[in-house]
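*Asks:* how would this look folded up:
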Amino acid sequence: MRCLAGLGLLTALSGQQTLESTYRTSGSTVVATFESERAVLQTSSAVILDGRKEAGYGVVIAADGHRLVKASEFLEMKQPEVIVDRTHFSEPKVLAMDPEWDVALLKIDAANLVPVVYAPTSELVQGTWVVANGASTRSARRALAGIVSAKTREIPAFGGAALGVVLNAKSKILEIDDVHEKSGAKQAGLQKGDVLLAIQGKPVTRLDEIAAALKDRKAGSLVKITYRRAKNEVTVDVRLTARSEMFTEQMNRNDTMSGDFSKRRSGFPRALQHDILGSGRMVGGPLLDLEGRCLGMNIARANRAESFAIPLEDLKRIAEHLMKQSVNAK
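*Replies:* Sure, this is the predicted structure:
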(Lines give C-alpha, C1' and ligand atoms only; values in the text may rest on other atoms or scores of the structure.)
Protein backbone atom coordinates (compact mmCIF):
# COMPACT_ATOMS: atom_id res chain seq x y z
CA MET A 1 0.00 0.00 0.00
CA ARG A 2 1.38 3.39 -0.95
CA CYS A 3 2.23 5.73 1.94
CA LEU A 4 -0.28 8.59 2.08
CA ALA A 5 1.99 11.37 3.33
CA GLY A 6 -0.76 13.94 3.72
CA LEU A 7 -2.89 11.55 5.70
CA GLY A 8 -0.01 10.75 8.04
CA LEU A 9 -0.35 14.24 9.42
CA LEU A 10 -3.69 13.28 10.88
CA THR A 11 -1.97 11.27 13.60
CA ALA A 12 -0.05 14.29 14.82
CA LEU A 13 -3.25 16.30 14.89
CA SER A 14 -5.38 13.63 16.52
CA GLY A 15 -5.46 15.46 19.82
CA GLN A 16 -7.25 18.41 18.26
CA GLN A 17 -11.03 18.39 18.12
CA THR A 18 -11.12 20.06 14.70
CA LEU A 19 -8.63 19.57 11.87
CA GLU A 20 -7.31 22.51 9.93
CA SER A 21 -9.14 22.60 6.61
CA THR A 22 -6.01 21.73 4.63
CA TYR A 23 -5.79 18.35 6.40
CA ARG A 24 -9.41 17.33 5.94
CA THR A 25 -10.41 14.74 3.35
CA SER A 26 -11.07 17.42 0.75
CA GLY A 27 -8.26 19.69 1.93
CA SER A 28 -5.37 20.78 -0.29
CA THR A 29 -2.70 18.78 1.56
CA VAL A 30 -4.68 15.54 1.36
CA VAL A 31 -5.83 16.10 -2.22
CA ALA A 32 -2.23 16.67 -3.32
CA THR A 33 -1.44 13.13 -2.16
CA PHE A 34 -3.59 11.78 -4.99
CA GLU A 35 -1.84 13.56 -7.86
CA SER A 36 -1.20 10.37 -9.87
CA GLU A 37 -4.93 9.51 -9.75
CA ARG A 38 -5.76 13.10 -10.66
CA ALA A 39 -3.61 12.69 -13.78
CA VAL A 40 -5.73 9.68 -14.80
CA LEU A 41 -8.91 11.69 -14.28
CA GLN A 42 -7.39 14.44 -16.41
CA THR A 43 -7.07 12.22 -19.47
CA SER A 44 -9.64 9.42 -18.99
CA SER A 45 -12.66 11.22 -17.54
CA ALA A 46 -14.72 13.61 -19.63
CA VAL A 47 -16.21 16.79 -18.18
CA ILE A 48 -19.79 17.26 -19.37
CA LEU A 49 -20.94 20.86 -19.73
CA ASP A 50 -24.44 22.20 -20.18
CA GLY A 51 -23.66 25.49 -21.84
CA ARG A 52 -21.07 27.03 -19.51
CA LYS A 53 -22.14 25.02 -16.44
CA GLU A 54 -20.29 21.90 -15.33
CA ALA A 55 -23.01 19.25 -15.17
CA GLY A 56 -21.27 15.89 -14.78
CA TYR A 57 -18.58 13.54 -16.02
CA GLY A 58 -18.06 10.61 -18.34
CA VAL A 59 -15.78 7.57 -18.59
CA VAL A 60 -13.56 7.41 -21.67
CA ILE A 61 -13.73 3.78 -22.87
CA ALA A 62 -12.16 4.03 -26.33
CA ALA A 63 -9.50 6.09 -28.06
CA ASP A 64 -11.91 7.06 -30.86
CA GLY A 65 -14.19 9.13 -28.62
CA HIS A 66 -16.65 6.65 -27.13
CA ARG A 67 -17.53 7.28 -23.50
CA LEU A 68 -20.19 6.42 -20.95
CA VAL A 69 -22.30 8.94 -19.03
CA LYS A 70 -25.31 8.92 -16.72
CA ALA A 71 -28.19 8.86 -19.20
CA SER A 72 -31.03 10.54 -17.30
CA GLU A 73 -29.02 13.62 -16.40
CA PHE A 74 -27.37 13.95 -19.81
CA LEU A 75 -30.71 13.84 -21.61
CA GLU A 76 -31.92 16.82 -19.55
CA MET A 77 -29.08 19.04 -20.80
CA LYS A 78 -29.98 21.73 -23.31
CA GLN A 79 -26.49 22.49 -24.68
CA PRO A 80 -24.26 19.48 -23.90
CA GLU A 81 -20.58 19.84 -24.62
CA VAL A 82 -17.52 17.84 -23.56
CA ILE A 83 -13.99 18.50 -22.36
CA VAL A 84 -11.43 15.69 -22.38
CA ASP A 85 -8.10 16.72 -20.87
CA ARG A 86 -7.91 20.30 -22.20
CA THR A 87 -9.68 19.77 -25.54
CA HIS A 88 -13.21 21.02 -26.05
CA PHE A 89 -15.72 19.02 -28.14
CA SER A 90 -19.17 20.12 -29.23
CA GLU A 91 -22.23 18.18 -30.42
CA PRO A 92 -21.76 14.84 -28.63
CA LYS A 93 -24.00 12.13 -30.08
CA VAL A 94 -26.02 9.61 -28.05
CA LEU A 95 -25.54 6.22 -29.73
CA ALA A 96 -27.32 3.88 -27.31
CA MET A 97 -28.78 3.71 -23.80
CA ASP A 98 -29.31 1.19 -21.02
CA PRO A 99 -32.32 2.46 -19.02
CA GLU A 100 -31.99 -0.16 -16.27
CA TRP A 101 -28.52 1.04 -15.31
CA ASP A 102 -29.14 4.65 -16.41
CA VAL A 103 -26.10 4.64 -18.71
CA ALA A 104 -25.71 6.16 -22.18
CA LEU A 105 -23.01 5.63 -24.78
CA LEU A 106 -21.81 8.89 -26.32
CA LYS A 107 -19.49 9.63 -29.22
CA ILE A 108 -17.42 12.71 -29.88
CA ASP A 109 -15.32 13.49 -32.94
CA ALA A 110 -11.97 12.59 -31.39
CA ALA A 111 -8.94 10.34 -31.80
CA ASN A 112 -6.06 9.16 -29.64
CA LEU A 113 -7.91 9.56 -26.36
CA VAL A 114 -6.73 7.62 -23.30
CA PRO A 115 -9.31 5.03 -22.15
CA VAL A 116 -9.53 3.95 -18.54
CA VAL A 117 -7.62 0.83 -17.48
CA TYR A 118 -9.82 -1.53 -15.47
CA ALA A 119 -8.74 -2.93 -12.13
CA PRO A 120 -8.66 -6.73 -11.74
CA THR A 121 -11.79 -6.66 -9.56
CA SER A 122 -14.21 -4.31 -7.85
CA GLU A 123 -14.50 -6.59 -4.81
CA LEU A 124 -12.67 -4.49 -2.23
CA VAL A 125 -12.39 -4.64 1.53
CA GLN A 126 -14.47 -1.98 3.29
CA GLY A 127 -12.18 0.90 4.22
CA THR A 128 -10.18 0.70 0.97
CA TRP A 129 -9.26 4.13 -0.41
CA VAL A 130 -10.88 5.21 -3.69
CA VAL A 131 -10.68 8.38 -5.80
CA ALA A 132 -13.13 10.27 -8.03
CA ASN A 133 -13.65 13.61 -9.74
CA GLY A 134 -14.10 16.72 -7.67
CA ALA A 135 -15.01 20.11 -9.12
CA SER A 136 -13.04 20.91 -12.28
CA THR A 137 -11.84 23.98 -14.06
CA ARG A 138 -11.99 24.12 -17.84
CA SER A 139 -8.37 22.98 -17.99
CA ALA A 140 -7.76 20.81 -14.93
CA ARG A 141 -9.46 17.97 -13.08
CA ARG A 142 -9.46 17.74 -9.29
CA ALA A 143 -9.36 14.53 -7.29
CA LEU A 144 -11.35 13.72 -4.17
CA ALA A 145 -10.71 10.68 -1.99
CA GLY A 146 -12.83 8.50 0.26
CA ILE A 147 -13.26 4.87 1.23
CA VAL A 148 -15.39 1.91 0.23
CA SER A 149 -18.06 2.05 2.91
CA ALA A 150 -20.37 -0.93 2.25
CA LYS A 151 -20.55 -4.22 0.40
CA THR A 152 -21.60 -4.25 -3.24
CA ARG A 153 -25.36 -4.79 -3.38
CA GLU A 154 -28.60 -4.03 -5.19
CA ILE A 155 -30.09 -0.55 -4.60
CA PRO A 156 -33.88 -1.05 -4.86
CA ALA A 157 -36.00 1.68 -6.39
CA PHE A 158 -37.61 4.02 -3.88
CA GLY A 159 -41.36 3.57 -4.03
CA GLY A 160 -41.20 0.72 -6.53
CA ALA A 161 -41.59 0.79 -10.32
CA ALA A 162 -44.43 2.18 -12.44
CA LEU A 163 -45.50 2.71 -16.05
CA GLY A 164 -45.94 6.40 -15.41
CA VAL A 165 -49.52 6.76 -16.65
CA VAL A 166 -52.73 7.93 -14.99
CA LEU A 167 -55.88 6.11 -16.04
CA ASN A 168 -59.27 7.73 -16.52
CA ALA A 169 -61.23 6.76 -13.40
CA LYS A 170 -64.57 7.36 -15.13
CA SER A 171 -63.84 5.08 -18.05
CA LYS A 172 -64.82 1.41 -18.11
CA ILE A 173 -61.72 0.63 -20.17
CA LEU A 174 -58.04 1.26 -19.38
CA GLU A 175 -57.93 4.65 -21.04
CA ILE A 176 -54.90 6.84 -20.33
CA ASP A 177 -55.83 10.22 -18.90
CA ASP A 178 -52.28 11.55 -18.41
CA VAL A 179 -48.66 10.50 -19.01
CA HIS A 180 -45.92 11.65 -16.65
CA GLU A 181 -43.27 13.74 -18.40
CA LYS A 182 -40.34 11.82 -16.84
CA SER A 183 -41.76 8.33 -17.37
CA GLY A 184 -40.79 5.50 -19.68
CA ALA A 185 -44.33 5.62 -21.06
CA LYS A 186 -43.69 9.17 -22.27
CA GLN A 187 -40.41 8.13 -23.87
CA ALA A 188 -42.19 5.25 -25.62
CA GLY A 189 -44.77 7.61 -27.11
CA LEU A 190 -47.91 6.78 -25.12
CA GLN A 191 -50.48 9.59 -25.09
CA LYS A 192 -53.69 10.67 -23.40
CA GLY A 193 -56.57 8.74 -24.94
CA ASP A 194 -54.60 5.57 -25.66
CA VAL A 195 -56.22 2.39 -24.30
CA LEU A 196 -54.06 -0.27 -22.65
CA LEU A 197 -54.77 -3.76 -24.01
CA ALA A 198 -51.95 -6.08 -22.89
CA ILE A 199 -48.72 -6.33 -20.87
CA GLN A 200 -46.10 -8.83 -22.07
CA GLY A 201 -48.74 -10.23 -24.42
CA LYS A 202 -51.22 -10.95 -21.63
CA PRO A 203 -54.53 -9.06 -21.98
CA VAL A 204 -55.42 -6.59 -19.21
CA THR A 205 -58.84 -5.09 -18.59
CA ARG A 206 -58.65 -4.02 -14.93
CA LEU A 207 -56.28 -1.96 -12.82
CA ASP A 208 -55.50 -4.90 -10.52
CA GLU A 209 -54.35 -6.92 -13.54
CA ILE A 210 -51.85 -4.19 -14.38
CA ALA A 211 -50.59 -4.20 -10.79
CA ALA A 212 -50.22 -7.98 -10.83
CA ALA A 213 -48.29 -7.89 -14.12
CA LEU A 214 -45.80 -5.33 -12.78
CA LYS A 215 -45.45 -6.24 -9.10
CA ASP A 216 -42.24 -8.30 -9.42
CA ARG A 217 -40.56 -6.09 -12.00
CA LYS A 218 -37.83 -3.60 -11.21
CA ALA A 219 -37.37 0.01 -12.22
CA GLY A 220 -35.38 0.24 -15.43
CA SER A 221 -36.64 -3.06 -16.85
CA LEU A 222 -38.53 -3.12 -20.13
CA VAL A 223 -42.08 -4.43 -20.59
CA LYS A 224 -44.05 -4.84 -23.81
CA ILE A 225 -47.18 -2.73 -23.74
CA THR A 226 -49.92 -3.15 -26.34
CA TYR A 227 -52.34 -0.26 -26.68
CA ARG A 228 -55.01 1.00 -29.05
CA ARG A 229 -54.93 4.48 -30.56
CA ALA A 230 -57.96 5.28 -32.70
CA LYS A 231 -58.39 2.02 -34.64
CA ASN A 232 -54.73 0.94 -34.58
CA GLU A 233 -53.08 -1.46 -32.15
CA VAL A 234 -49.45 -0.77 -31.30
CA THR A 235 -46.90 -2.69 -29.21
CA VAL A 236 -43.93 -0.84 -27.69
CA ASP A 237 -41.22 -1.47 -25.10
CA VAL A 238 -41.73 0.74 -22.05
CA ARG A 239 -39.07 1.31 -19.40
CA LEU A 240 -40.54 1.01 -15.93
CA THR A 241 -39.67 4.13 -14.00
CA ALA A 242 -38.88 4.40 -10.30
CA ARG A 243 -41.60 6.42 -8.61
CA SER A 244 -38.86 8.53 -7.03
CA GLU A 245 -37.81 9.64 -10.54
CA MET A 246 -41.28 10.94 -11.33
CA PHE A 247 -42.42 12.33 -8.02
CA THR A 248 -40.49 14.44 -5.54
CA GLU A 249 -39.83 12.44 -2.41
CA GLN A 250 -40.48 13.98 0.96
CA MET A 251 -37.05 14.98 2.16
CA ASN A 252 -35.90 13.44 5.43
CA ARG A 253 -33.45 14.98 7.89
CA ASN A 254 -30.49 13.28 6.22
CA ASP A 255 -31.51 14.67 2.81
CA THR A 256 -31.84 18.16 4.25
CA MET A 257 -28.28 17.96 5.56
CA SER A 258 -26.89 16.31 2.42
CA GLY A 259 -26.91 19.28 0.10
CA ASP A 260 -26.69 18.28 -3.55
CA PHE A 261 -27.75 14.71 -4.44
CA SER A 262 -28.77 12.91 -7.62
CA LYS A 263 -32.32 13.00 -8.97
CA ARG A 264 -32.14 9.28 -9.62
CA ARG A 265 -30.35 7.63 -6.73
CA SER A 266 -31.99 4.20 -6.54
CA GLY A 267 -33.11 1.32 -8.75
CA PHE A 268 -29.65 -0.04 -9.66
CA PRO A 269 -29.08 -3.83 -10.02
CA ARG A 270 -25.69 -3.59 -8.26
CA ALA A 271 -23.68 -0.77 -6.76
CA LEU A 272 -20.35 -0.24 -5.04
CA GLN A 273 -20.81 2.26 -2.19
CA HIS A 274 -18.24 4.85 -1.12
CA ASP A 275 -18.22 8.01 0.97
CA ILE A 276 -16.40 10.53 -1.25
CA LEU A 277 -17.62 14.03 -0.35
CA GLY A 278 -18.54 15.05 -3.88
CA SER A 279 -21.62 16.73 -5.26
CA GLY A 280 -24.32 15.46 -7.58
CA ARG A 281 -22.09 16.57 -10.47
CA MET A 282 -19.61 13.81 -9.60
CA VAL A 283 -21.79 11.22 -11.35
CA GLY A 284 -20.78 9.72 -14.67
CA GLY A 285 -17.06 9.72 -14.00
CA PRO A 286 -14.77 6.82 -13.12
CA LEU A 287 -14.08 5.56 -9.61
CA LEU A 288 -10.35 4.76 -9.28
CA ASP A 289 -8.15 2.72 -6.97
CA LEU A 290 -4.80 3.99 -5.71
CA GLU A 291 -3.08 2.71 -8.86
CA GLY A 292 -5.35 4.80 -11.07
CA ARG A 293 -7.30 1.80 -12.31
CA CYS A 294 -11.04 2.00 -12.92
CA LEU A 295 -13.20 0.25 -10.32
CA GLY A 296 -16.45 1.36 -11.91
CA MET A 297 -18.54 4.38 -12.87
CA ASN A 298 -20.12 6.77 -10.37
CA ILE A 299 -23.86 6.65 -10.99
CA ALA A 300 -25.48 8.44 -8.03
CA ARG A 301 -24.81 10.59 -5.00
CA ALA A 302 -27.47 9.33 -2.60
CA ASN A 303 -26.83 11.55 0.42
CA ARG A 304 -24.03 13.15 2.45
CA ALA A 305 -22.56 9.74 3.37
CA GLU A 306 -23.38 7.48 0.42
CA SER A 307 -22.41 7.53 -3.24
CA PHE A 308 -22.93 4.63 -5.64
CA ALA A 309 -20.80 3.34 -8.51
CA ILE A 310 -21.55 0.65 -11.08
CA PRO A 311 -18.92 -2.08 -10.45
CA LEU A 312 -16.42 -2.56 -13.26
CA GLU A 313 -17.61 -6.10 -14.05
CA ASP A 314 -21.10 -4.79 -14.82
CA LEU A 315 -19.77 -1.65 -16.49
CA LYS A 316 -17.70 -3.67 -18.96
CA ARG A 317 -20.78 -5.73 -19.90
CA ILE A 318 -22.87 -2.58 -20.29
CA ALA A 319 -20.21 -0.96 -22.50
CA GLU A 320 -19.95 -4.05 -24.72
CA HIS A 321 -23.73 -4.29 -25.05
CA LEU A 322 -24.13 -0.60 -25.92
CA MET A 323 -21.31 -0.73 -28.46
CA LYS A 324 -22.98 -3.68 -30.22
CA GLN A 325 -26.35 -1.93 -30.05
CA SER A 326 -24.91 1.19 -31.67
CA VAL A 327 -23.33 -0.83 -34.48
CA ASN A 328 -26.55 -2.73 -35.17
CA ALA A 329 -28.49 0.54 -35.31
CA LYS A 330 -26.41 1.84 -38.21
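
*Asks:* all strands of the stretch 101-250 of the chain, in order?
*Replies:* For the stretch 101-250 of the chain, applying DSSP state E, counting those that start in this stretch gives strands covering 103-107, 129-133, 143-155, 161-162, 165-167, 176-179, 195-199, 202-203, 222-229, 232-239, 241-242.

*Asks:* can those strands go into a markdown table with extra columns for distance to Lys93, mean pLDDT and mean neighbour count?
*Replies:* (Each C-beta comes from the backbone N, C-alpha and C, glycine too.) Shown next, in a markdown table, are these (distance: least, C-beta to C-beta, whole Å; pLDDT from 0 to 100; neighbours: other C-beta atoms under 10 Å):
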| stretch | distance to Lys93 | mean pLDDT | mean neighbour count |
| --- | --- | --- | --- |
| strand 103-107 | 5 | 96 | 24 |
| strand 129-133 | 23 | 95 | 25 |
| strand 143-155 | 29 | 93 | 18 |
| strand 161-162 | 29 | 84 | 24 |
| strand 165-167 | 30 | 92 | 18 |
| strand 176-179 | 27 | 94 | 16 |
| strand 195-199 | 33 | 97 | 19 |
| strand 202-203 | 37 | 96 | 10 |
| strand 222-229 | 23 | 95 | 18 |
| strand 232-239 | 21 | 94 | 14 |
| strand 241-242 | 24 | 82 | 26 |
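
*Asks:* Columns distance to Gly292 on top of the ones you listed, output as a markdown table?
*Replies:* A markdown table is the format used below for the strands of the stretch 101-250 of the chain (distance: least, C-beta to C-beta, whole Å):
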| stretch | distance to Gly292 |
| --- | --- |
| strand 103-107 | 22 |
| strand 129-133 | 8 |
| strand 143-155 | 10 |
| strand 161-162 | 37 |
| strand 165-167 | 46 |
| strand 176-179 | 45 |
| strand 195-199 | 46 |
| strand 202-203 | 50 |
| strand 222-229 | 36 |
| strand 232-239 | 35 |
| strand 241-242 | 33 |
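
*Asks:* Ok, which of those strands comes nearest Arg38?
*Replies:* Among the strands of the stretch 101-250 of the chain, the nearest to Arg38 by C-beta to C-beta is strand 143-155 (4.0 Å).

*Asks:* mind checking how far that closest one is from the chain centre?
*Replies:* Taking the mean of its C-alpha atoms, strand 143-155 sits 14 Å from the chain's own mean (C-alpha atoms, centre = their mean, to the nearest Å).

*Asks:* All set, thanks.
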